[in-house]
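Enquirer: Kindly generate the corresponding structure for this input.
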Amino acid sequence: MNALSPRRQKCDARERSIVEHTLELARQVGFLDLKMAKVAELSGVAVGTLYAHFQSKEDLLLAVAWVTKAQRRRTCERAFSLGATPLTGLIYAMVADILFSLRHSTLREAERLASIPSVYDRASASRVAELRRFSEETQAVLEDFVEQAIESGELASGAHSLSDIVHAIRAHCVGAAIVLDVCQESRQDPIRAFAPGASALLAGFGWQSPTPFEDFLQIAGEYVGRGEPTIEEFSCLYEPHEPHEVGAESTVNSSTSTSPHDHLRS
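Expert: The predicted structure follows:
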């Protein structure tokens, strides 16, 4: 692998810094009220330099969404690896996913906004393609989790494809996070609120537990008892965008574009 030139290393470090400062500012004012001029000021760069890295606010939002997905996937991979069996690992990963959503609300906001057509239609084609490619890779990781649970005999696919099962699990995790956002009572014990639907879902895919709700709670409690892993700094996960010419025509055509999250929709 060729070493990066000092100029490229400096450029990459600057882009990572911009993304980090964007998240810092978003925690204060939210993404909707984010101003590019303020991001540039906080990052210590000129506005023109900021636009050399990110052609629009939407591009910057997709970059933060990319990092969020990377952090979420790393958290779930770690959780899965801790399971004594594939199914235990899958439950650990589901619990890790819902806890990630609840504990990192600003990051989740970036994910949700990046899936809105009015956002990704305004982003550059290359940024959308990057996020879509990473989402597809994440789908493959999750399908591998499920496939291991099927091969171990803990789940049964039946007429469902791996993709179908992953879509169902992801849909439940996303929906549960939204419900927990608006239901303060459930947030007092989010895992207990999450468990009925999650355990029923796994039972529907062949989990033979005679008491799925109770067993899910027990396994989830084991994971929570281990303590949540520390989330990485952006600089550890963010992969800077390939340099481009400022003003280059790369905006997605809204009549043909698709969401970078389309393959995750159920």
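
Enquirer: For stretch 30-46, which outside residues touch it?
Expert: Contact with stretch 30-46 is made by 14, 17-18, 21-22, 24-26, 47, 49-51, 57, 60-61, 64, 106, 109-110, 113, as judged by Cβ atoms under 8 Å, 6 or more residues apart in numbering. C-beta coordinates here come from the backbone N, C-alpha and C atoms, glycine included.

Enquirer: Narrow the residues you listed to just the buried residues.
Expert: For the contacts of stretch 30-46, a neighbour count by 16 or more other Cβ atoms under 10 Å gives the buried set as 14, 17-18, 21-22, 25-26, 50-51, 57, 60-61, 64, 109-110, 113.

Enquirer: quick one: which of these is nearest G89?
Expert: Closest to G89 out of the buried ones among the contacts of stretch 30-46 is A110 (26.9 Å), distances taken as Cβ to Cβ.

Enquirer: Which neighbouring elements make contact with the helix or strand hosting the closest one?
Expert: Secondary-structure assignment from DSSP states H and E places A110 in helix 105-114. Applying 3 or more Cβ pairs under 8 Å, 6 or more residues apart in numbering; DSSP states H and E, we find helix 105-114 packed against helix 6-29, helix 57-81, helix 86-103.

Enquirer: residues of the longest one that come out buried?
Expert: When you say that, I think you mean helix 57-81. By 16+ other Cβ under 10 Å, the buried positions in helix 57-81 come out as 57-77, 79-80.

Enquirer: just stretch 198-207 next, same as before
Expert: In stretch 198-207, counting by 16+ other Cβ under 10 Å, buried: 198-199, 201-203, 205-207.
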